[in-house]
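[1] I would like to see how this sequence folds:
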Amino acid sequence: MRKVNKPKSTDKVMIHLSLKIHPVNASWRMSSVSQMVINTPPHSYLKPKIGGCERFGTLDKSANVLVCLTRCSKDLMVRVDQLCASRNIKVFCGDVYGYHGYMFSDLGQEHHYVEEKPKVVKGSNKANDGPEAKKLKVDPNETTMVKKTVSFCSLKAALEVDWTNEKAKNNLKRIPVDYFLLQVLLKFRTDKGRDPQPDSFAEDSQLLLQIRNDVLETMGLSSELLPNTFVSYCFSEMAPVCAVVGGVLGQEIVKALSQRDAPHRNFFFFDGLKGSGVVDYFGSK
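    This next block holds a predicted model:
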């Protein structure tokens, strides 16, 4: 995305959005995403600049400040994230697999933003006031903008967490199982060049179970961490899940560009079976 000088006749901001989409159903996806981007709320203009994955070598900081990836392989996403990091370009990734979906963001080593907080005011100093009146109080009718900075890690670091050390093992119970499911599905996409398909459910289910065993064994973890039933819920793309994940992804892109409000750091996972999502951070702190 590229910020453009504000038009003289309005206070709206023009932003160029680069969407890199896998060739699968590329024409339909590009036209759909383009129309959604154009129909954004009136407080901002978004001008989509859409291209296929093969054009990543032409990334130019002068023309982009943000890249959004979908339907891409793990290797491609890692490579693009590294390229963008060297040019100070923000990166978002997102996909939906059946009832499950995820979003990842890498906003760089230093992402600055502001948050609106209730203003803290001093109590009255009048002689007839008691000690309680002199304490600091929060005024709900007044707010102040607080500047903050947060750091993100690369996609490669986020996907290559060392689970063999004791600290990581002790945190396993609080780790969303969708993180490990994502690792399995990305490996399936790498091996087969596609996502699991309903018309080859039996074959793909067996392959998913085998990949699950291999991936978790490589991580030094038990295959029981991801129950066999996961294969029944990660085929196709469920429209309601797409709506949730796409909504969160769009929200985070706007927050990153406007530098307003705390961003999700760095993964968002949505479980359509539970009807809930979770934000969690993976990688170097």
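[2] what's the distance between residue 197 and residue 236?
    8 Å (CB to CB, to the nearest Å). (Each C-beta comes from the backbone N, C-alpha and C, glycine too.)
[3] same thing with residue 193?
    Taken as CB to CB, the span from residue 193 to residue 236 is 17 Å.
[4] nearest spatial neighbour of residue 156, skipping sequence neighbours?
    Excluding the flanking residues, the one nearest residue 156 by CB to CB, 6 or more residues apart in numbering is residue 78, at 4.8 Å.
[5] neighbouring contacts of the longest strand seen in the chain?
    Criterion DSSP state E: the longest strand present in the chain is strand 137-150. Outside strand 137-150, the residues that touch it by CB atoms under 8 Å, 6 or more residues apart in numbering are 107, 110-123, 262-263, 265.
[6] Give me the sheet partners of that strand and which way each runs.
    Neighbouring strands of strand 137-150 in its sheet, by DSSP bridges, are strand 111-121 (antiparallel).
[7] Okay, buried residues for the strand it pairs with please.
    For strand 111-121, burial by neighbour count (16 or more other CB atoms under 10 Å) applies to 111, 113.
[8] Take that strand, keep the C-alpha atoms, and write them as PDB.
    Only the C-alpha atoms of strand 111-121 are listed here, as PDB (Å, rounded to 0.1, in the frame of the first residue of the first chain):
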ATOM      1  CA  HIS A 111       5.500  -0.200  15.000                       C
ATOM      2  CA  HIS A 112       4.200   3.100  16.400                       C
ATOM      3  CA  TYR A 113       0.600   3.700  17.200                       C
ATOM      4  CA  VAL A 114      -1.600   5.800  19.500                       C
ATOM      5  CA  GLU A 115      -4.300   4.600  21.900                       C
ATOM      6  CA  GLU A 116      -7.200   6.600  23.300                       C
ATOM      7  CA  LYS A 117      -7.200   6.400  27.100                       C
ATOM      8  CA  PRO A 118      -9.400   8.000  29.800                       C
ATOM      9  CA  LYS A 119      -7.800  11.100  31.100                       C
ATOM     10  CA  VAL A 120      -6.500  11.000  34.700                       C
ATOM     11  CA  VAL A 121      -7.200  14.300  36.600                       C
END
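[9] what sits up against it?
    So strand 111-121 is contacted by 90, 136-140, 142-152, 255-256, 259-263 (CB under 8 Å, 6+ apart).
[10] hang on, the residue nearest to residue 156 packs against residue 157?
    No: using CB atoms under 8 Å, residue 78 is not in contact with residue 157, being 9.8 Å away.
[11] Compare the two and say which one has the larger neighbour count.
    residue 78 (19 against 16; other CB atoms under 10 Å).
[12] Show me how the chain divides into domains.
    Domain ranges of the chain: 3-107+238-280, 112-149, 155-233, per automatic domain parsing.
[13] now those in TSV, with mean pLDDT?
    Formatted as TSV, these follow (pLDDT from 0 to 100):
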stretch	mean pLDDT
domain 3-107+238-280	76
domain 112-149	75
domain 155-233	95
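[14] Looking at residue 193 and residue 236, which is more packed in?
    Taking neighbours as other CB under 10 Å, residue 193 and residue 236 compare with residue 236 leading, 14 against 9.
[15] how about residue 76, phi and psi?
    phi -70, psi -40 (degrees, to the nearest 10).
[16] Ok, residue 235 next?
    Dihedral angles for residue 235 - degrees, to the nearest 10 - are phi -100, psi 150.
[17] Relative to the whole chain's centre, how far out is the host helix or strand of residue 202?
    Assessed by DSSP states H and E, residue 202 sits inside helix 201-218. A distance of 25 Å separates the centroid of the chain from that of helix 201-218, by CA atoms, centre = their mean, to the nearest Å.
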